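Enquirer: Sequence first, then the predicted structure:
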Amino acid sequence: MKRRLALLLALSLPLFAADSPNLQTITRIRQEGFRNSKVMEYAQTLTDTIGARLTGSPGMRRANEWTRDELTKMGLSNARLEPYTFGRGWVAESASVRMLAPGAQQLYALPMAWSPATDGPVRGKVTKVKLATKEDLEKNKGKFAGAILMVADPPEAKLQEKGALSRYDEEELEELGTYKVPSERDNARSSEFRKRRELRKELAKFAMEEKVAAIVQPGNGDGGVFRVQSSGTWRDDEPVGVPTVGIAPEHYSRLARLIDAKTDVELEIDIRTRFLEEDKNAWNTLADLPGSDKKGEVVMLGAHLDSWHTSTGATDNAAGVVAMMEAMRILKSLGVTPKRTIRIALWSGEEQGLLGARGYVEQHFARRAEPKDPEQAKLPASQRTEKGELTVKPEHAKVAAYFNMDNGTGRIRGIYAQENAAVVPLFTAWLEPLRDLGATTVTMRNTMSTDHIPFDEVGIPGFQFIQDDVEYSARTHHTNWDTYERLQREDLMQAAVVIATFVWQAANREEMIPRKPMVK
């Protein structure tokens, strides 16, 4: 470990001299961030008052408007909402699932996103059937009119081998700093996603044509924690399916065991949801801290504002939103104008495939042509392996970098360089005055599946910070437990200070952030 640190420091010394962090400014950032923090105030409004923020829902629109107004109150310029085409909105009003036989029990359940409503309470015997392939669907035609179906096997219950709390130790950070050659498994995961997506559409079509009354699915989790995402769709060109609920896995497993034991199970399901068809747009929130002599150039920071409907979206991703808002508040409070304009972006549609960030990049920076392969063209842009020809717009050359936070409430431990070797010594130098806060690691690894990717894919330097997991994977990610109580105040304060430092350094260095070779 000592040899590696010495090597990194040696590599960074020449660049450190040229891009030496402004320690006086960093001191002021730390003082403001640790003594006058607003992160928990922002977080309480976003989670407790506004609540769930599914893209296309009234909650999401309230979040857009509140963040715009709050950024205006900070004194930022041109706080605004920018639209992109999304699709139908949806809101869940209530859901009740009761077992009536062989005994009465209220089941823990939530509607799957974009599920249609039931026409009042639906009662019926539950049928457990395997519908895992197109062949399964074909051979079961004409059998399930008016039925309530269980179409998935119950999940395996596993004991937690360690506590839910998870933070990187020095050895784990050392391993994370070692580059991993891309694996063929990456292609396999993409292929598996495509198969699941296609089966979901086929199942929705089958259920509608067969007039199935309702479908029950297992939520993913254990011990009272469960994840419920989508069964229907916001897209006009795909079937919405039939009323569908996700049930806590322990309750779902009980139903499955009873049916396997030849015991009749009867449920009552009452789902109240609404589709919103009036406005097919979704919105991103943006605001600027204008620059001085390089104000035509922009450094961006951002996080996704949308959440799932299962809870109030605290760690995914109110945490990232409030850290970015606080970073902007800190920088504004300094009363010093950066060389480049600093722009915050709070995205919608991330959970549906990075749609907000991708829409913004396409509108302002670069756009890829549709794939020539019709099968590829059917896929979301985030899942396509065939990349269409890239058309670059004038604003593309003016973006220095984009910095993102979207891995829960944990403190920042470093940053992914996204295979850009030229930024490693630069970022290493910027982390040096933050080492006492636990931010130490620059890794050449890529990290995927969040809003820096649309920037990276068109050749703009886009980066995601490394964060302690805390409870993200085990307890809060997309679950009914993703609430204000799971947020870690000190971690979010630290994250805001680290982000503000990185953004300030990027906005004030003489040169733009080095770019990787453009992949066209």
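Expert: Perfect, thanks for sending it. Numbering: from 1, shown residues only.

Enquirer: Tell me which residue of this protein is furthest from the middle?
Expert: Here the centre of the chain is the reference, and by C-alpha atoms, centre = their mean the most remote residue is Lys262, at 41.7 Å.

Enquirer: That one should be in a strand, yeah?
Expert: No. Read with DSSP: H, G, I helix; E, B strand; the rest coil, Lys262 is coil and lies in no strand.

Enquirer: For Lys128, see how far away it is.
Expert: 11 Å (C-beta to C-beta, to the nearest Å). All C-beta spots, glycine's among them, are computed from the backbone N, C-alpha and C.

Enquirer: Now the phi/psi pair for the residue farthest from the centre of the chain, please.
Expert: Taking degrees, to the nearest 10, you get phi 70, psi 30 for the backbone angles of Lys262.

Enquirer: can you pull the pLDDT of it?
Expert: Looking at Lys262, its pLDDT is 97.

Enquirer: any idea how far it lies from Leu23?
Expert: Distance from Lys262 to Leu23, by C-beta to C-beta: 73 Å.

Enquirer: now do Ala248
Expert: When distance is defined by C-beta to C-beta, Ala248 is 52 Å away from Leu23.

Enquirer: So for these two, which sits in the more crowded spot?
Expert: Neighbours per residue, other C-beta atoms under 10 Å: of Ala248 and Leu23, the larger number sits with Ala248, 23 against 10.

Enquirer: For the more buried one, which residues are in contact?
Expert: Shown in contact with Ala248 (C-beta atoms under 8 Å, 6 or more residues apart in numbering): 107-109, 219, 221, 224, 226.

Enquirer: burial measure for the residue lying closest to it once chain neighbours are set aside, as a count.
Expert: Leaving aside its chain neighbours, Ala248 sits nearest to Tyr108 (3.8 Å; criterion: C-beta to C-beta, 6 or more residues apart in numbering). Residues within reach of Tyr108, counting by other C-beta under 10 Å, total 17.

Enquirer: if I read this right, Tyr108 contacts His251, doesn't it?
Expert: Yes. Counting by C-beta atoms under 8 Å, Tyr108 does reach His251; the two are 5.9 Å apart.

Enquirer: any low-confidence regions in this protein?
Expert: Scanning the chain for pLDDT under 70 picks out the ranges 1-18, 159-164, 184-190, 519-520.

Enquirer: In its sheet, which strands sit next to the longest strand along it, and in what direction?
Expert: Longest strand of the chain, by residue count under DSSP state E: strand 89-101. The pairing partners recorded for strand 89-101 under DSSP bridges are strand 105-107 (antiparallel), strand 266-276 (antiparallel).

Enquirer: returning to what we had before: residues in contact with the residue nearest to Ala248?
Expert: Applying C-beta under 8 Å, 6+ apart, the residues near Tyr108 are 224, 226, 247-248, 251.

Enquirer: out of the strands paired with strand 89-101, deepest packed?
Expert: Ranked by mean neighbour count, the strands paired with strand 89-101 are led by strand 266-276 with a mean of 19 (mean count of other C-beta atoms under 10 Å).

Enquirer: Please list the residues outside it that contact it.
Expert: Against strand 266-276 from outside (C-beta under 8 Å, 6+ apart): 56-58, 88-101, 107, 111, 114-118, 120-126, 148, 213-214, 216, 240, 243, 245, 255.

Enquirer: can you pull the buried residues of stretch 125-138?
Expert: By neighbour count with 16 or more other C-beta atoms under 10 Å, stretch 125-138 contains the buried residues 126-128, 131, 136-137.

Enquirer: May I have it exported as CSV, CA atoms only?
Expert: Extracted in CSV, the C-alpha atoms of stretch 125-138 (Å, rounded to 0.1, in the frame of the first residue of the first chain):
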residue,chain,number,x,y,z
LYS,A,125,-58.7,-18.3,-6.4
VAL,A,126,-55.0,-17.9,-7.1
THR,A,127,-53.4,-20.1,-9.8
LYS,A,128,-49.6,-20.6,-9.7
VAL,A,129,-48.2,-21.1,-13.2
LYS,A,130,-44.8,-20.9,-14.9
LEU,A,131,-44.8,-18.2,-17.6
ALA,A,132,-41.1,-17.8,-18.2
THR,A,133,-40.9,-18.3,-22.0
LYS,A,134,-42.9,-17.5,-25.1
GLU,A,135,-43.5,-21.3,-25.3
ASP,A,136,-45.1,-21.2,-21.8
LEU,A,137,-47.4,-18.3,-22.9
GLU,A,138,-48.4,-20.2,-26.1
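
Enquirer: Show me what that stretch is in contact with.
Expert: Under C-beta under 8 Å, 6+ apart, the answer for stretch 125-138 is 140, 144, 147-151, 153, 199, 202-203, 206, 216, 255-256, 259-260, 264-267.

Enquirer: Mind giving me the PyMOL command for buried ones among those?
Expert: In PyMOL, a selection of the buried entries from the contacts of stretch 125-138 looks like this (16+ other C-beta under 10 Å):
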select buried, resi 140+144+147+148+149+150+151+199+202+203+206+216+255+256+259+265+267
